[in-house]
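Fold the following for me, if possible:
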Amino acid sequence: MEFLAGTEKQFFDFISEIDEKDKVAIVSHIDDDGICSVVPAEKVLGNVEIIKFVHVGGEYIKPFVPEFKEKKINKVLFFDLAIENSMDGMKKLLEFAEVLVLDHHRFDEDLNYDKLIYLKTESSKCSSYASYYLFSKIQNLEDIDWIALIGTVGDWCYYENKEFCDKIIKKYGLDIKDNFKEMKIWKIADMISRAMIYWRYHNNEDIFGFYEKLKNASLKELSEFEEMTKPVVEEIKKWNEKFYDERKEFKKGYFWEFRPKYSVKNNIVSALSEKEPDKFFVFITERDENDFFTISSRCQSKKGNCVELLKCALEGVEGSSGGHVVAAGGVCNKKDKEKFKENLFKILDE
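Now for the predicted structure:
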């Protein structure tokens, strides 16, 4: 596996230096790839003091620095998280801890220095794949290979890692088809994603309990997760139908602002954008209790660059963004919504 920043040796040096005296924390993204990245790490490391799943956006590291300092955390691993927009918090964390970041999102600068190990893989080598790949070199993890598979498929990285995925799929007797979205493993990954949405809503965004259920489950017994998906499926269906009446249409794509009960924005924008892959789809949602609204963008054909689109749309406003060419996301302060929309609409109508 190729690293665009950092080296495999840096990873193994960092892990090999962890001993029973160290207090370890793991911070990961609150999505399929993020959750599935943590399982191999926790299994190999053993005693992990703190596991946190967080949203990306703005200064997301700084809020938990005091807790880590109080609990004398001195080793921290980040998975599936861009840290560029949270460097103030990272610098405070580095005052008392050594940090390893394993991520696959776009970056502009190699941030390896002092106590920060900064590992960036290609976009297609999602964090659940990279975590399993690396930790498997330390310990046999074949009993949890299906979790790495779900993370990889759920992050739309099947084709780029087909050999890896197909080997595990065959092991469990599942089907392989030309269109991965017709395969059983995609349906399982999609089910896990929707179950997580349900859990997040009913547990105030705390998904540690969901993580515990998933890591202790088996691929052949996931009925508990399937039951959670039913109200989420209904929510997706309802808003899919409303899109065509409520969207704003531009030369280069569509904009839609809506307020679903469950956090289904990413599911909907991904599905709808497949129907017109050359178009930009930009969806925003917000909640009353938050100062920021969230943004999801897609352009499945790669004819447009979602990272650059959001970067330009957020110029002159309080917000941040990141992701991949075909799929990116961000946050923006509600007070700047009209300016964000003005910037975005100008780009979409060029």
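
for the helix or strand where Trp256 lies, what is the average pLDDT?
Using DSSP states H and E, Trp256 maps to strand 253-257. Across strand 253-257, the average pLDDT comes to 98.

Quick check: which helices or strands does it pack against?
Applying 3 or more Cβ pairs under 8 Å, 6 or more residues apart in numbering; DSSP states H and E, one finds that strand 253-257 makes contact with strand 248-250, strand 280-286, helix 337-348. To be clear about C-beta, it is placed using only N, CA and C from the backbone, and glycine gets the same treatment.

May I have the strand or helix carrying Glu227 as PDB, with CA atoms only?
Element membership of Glu227 [criterion: DSSP H and E] is helix 223-246. Presented in PDB, the C-alpha positions along helix 223-246 are these (Å, rounded to 0.1, in the frame of the first residue of the first chain):
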ATOM      1  CA  SER A 223     -30.800  -9.100  12.500                       C
ATOM      2  CA  GLU A 224     -30.600  -6.600  15.400                       C
ATOM      3  CA  PHE A 225     -29.200  -4.000  13.000                       C
ATOM      4  CA  GLU A 226     -31.700  -4.800  10.300                       C
ATOM      5  CA  GLU A 227     -34.600  -3.900  12.700                       C
ATOM      6  CA  MET A 228     -33.200  -0.500  13.300                       C
ATOM      7  CA  THR A 229     -33.200   0.400   9.600                       C
ATOM      8  CA  LYS A 230     -37.000   0.400   9.000                       C
ATOM      9  CA  PRO A 231     -37.800   3.900  10.100                       C
ATOM     10  CA  VAL A 232     -34.700   5.200   8.300                       C
ATOM     11  CA  VAL A 233     -35.700   3.600   5.100                       C
ATOM     12  CA  GLU A 234     -39.100   5.300   5.300                       C
ATOM     13  CA  GLU A 235     -37.400   8.600   6.000                       C
ATOM     14  CA  ILE A 236     -35.200   8.300   2.900                       C
ATOM     15  CA  LYS A 237     -38.200   7.300   0.700                       C
ATOM     16  CA  LYS A 238     -40.100  10.400   1.900                       C
ATOM     17  CA  TRP A 239     -37.400  12.900   1.200                       C
ATOM     18  CA  ASN A 240     -36.300  11.300  -2.100                       C
ATOM     19  CA  GLU A 241     -39.800  12.100  -3.400                       C
ATOM     20  CA  LYS A 242     -39.700  15.700  -2.200                       C
ATOM     21  CA  PHE A 243     -36.300  16.400  -3.900                       C
ATOM     22  CA  TYR A 244     -37.800  16.900  -7.300                       C
ATOM     23  CA  ASP A 245     -40.300  19.500  -6.100                       C
ATOM     24  CA  GLU A 246     -38.000  21.400  -3.800                       C
END
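
Tell me the buried residues in that helix?
225, 228-229, 231-233, 235-236, 239, 243 (16 or more other Cβ atoms under 10 Å).

In CSV: these, plus distance to Phe292.
Formatted as CSV, the buried residues of helix 223-246 follow (distance: Cβ to Cβ, whole Å):
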residue, distance to Phe292
Phe225, 29
Met228, 27
Thr229, 27
Pro231, 26
Val232, 23
Val233, 27
Glu235, 22
Ile236, 23
Trp239, 21
Phe243, 23
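
Pipe those residues into JSON lines and attach pLDDT and distance to Glu257 per row.
Formatted as JSON lines, the buried residues of helix 223-246 follow (pLDDT from 0 to 100; distance: Cβ to Cβ, whole Å):
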{"residue": "Phe225", "pLDDT": "94", "distance to Glu257": "30"}
{"residue": "Met228", "pLDDT": "95", "distance to Glu257": "27"}
{"residue": "Thr229", "pLDDT": "96", "distance to Glu257": "25"}
{"residue": "Pro231", "pLDDT": "96", "distance to Glu257": "23"}
{"residue": "Val232", "pLDDT": "97", "distance to Glu257": "20"}
{"residue": "Val233", "pLDDT": "96", "distance to Glu257": "23"}
{"residue": "Glu235", "pLDDT": "96", "distance to Glu257": "17"}
{"residue": "Ile236", "pLDDT": "96", "distance to Glu257": "17"}
{"residue": "Trp239", "pLDDT": "97", "distance to Glu257": "12"}
{"residue": "Phe243", "pLDDT": "97", "distance to Glu257": "11"}
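
picking that back up, angle of the strand holding Trp256 against strand 280-286?
10 degrees (axes from the mean of the first three to the mean of the last three Cα atoms, to 10 degrees).

And whatever helix or strand comes next after strand 253-257, what does it pack against?
The helix or strand immediately downstream of strand 253-257 is helix 265-273, counting by DSSP H and E. Other helices and strands packing on helix 265-273, by 3+ Cβ pairs under 8 Å, 6+ apart, are helix 184-202, helix 223-246, strand 280-286, strand 292-298.

Select, out of those, the one closest to Val153.
For Val153, the closest of the helices and strands packed on helix 265-273 is helix 184-202, at 4.4 Å, according to Cβ to Cβ.

Tell me which residues of that closest one come out buried.
Those would be 185-186, 188-201, for helix 184-202 by 16+ other Cβ under 10 Å.

closest to Lys167 out of the helices and strands packed on strand 253-257?
strand 280-286 (33.6 Å).

which residues are contacting the closest one?
For strand 280-286, contacts defined as Cβ atoms under 8 Å, 6 or more residues apart in numbering pick out 252-260, 263, 265, 268-269, 272-273, 292-299, 304, 306, 309-310, 313, 334, 337, 344, 348.

Sounds good, over and out.
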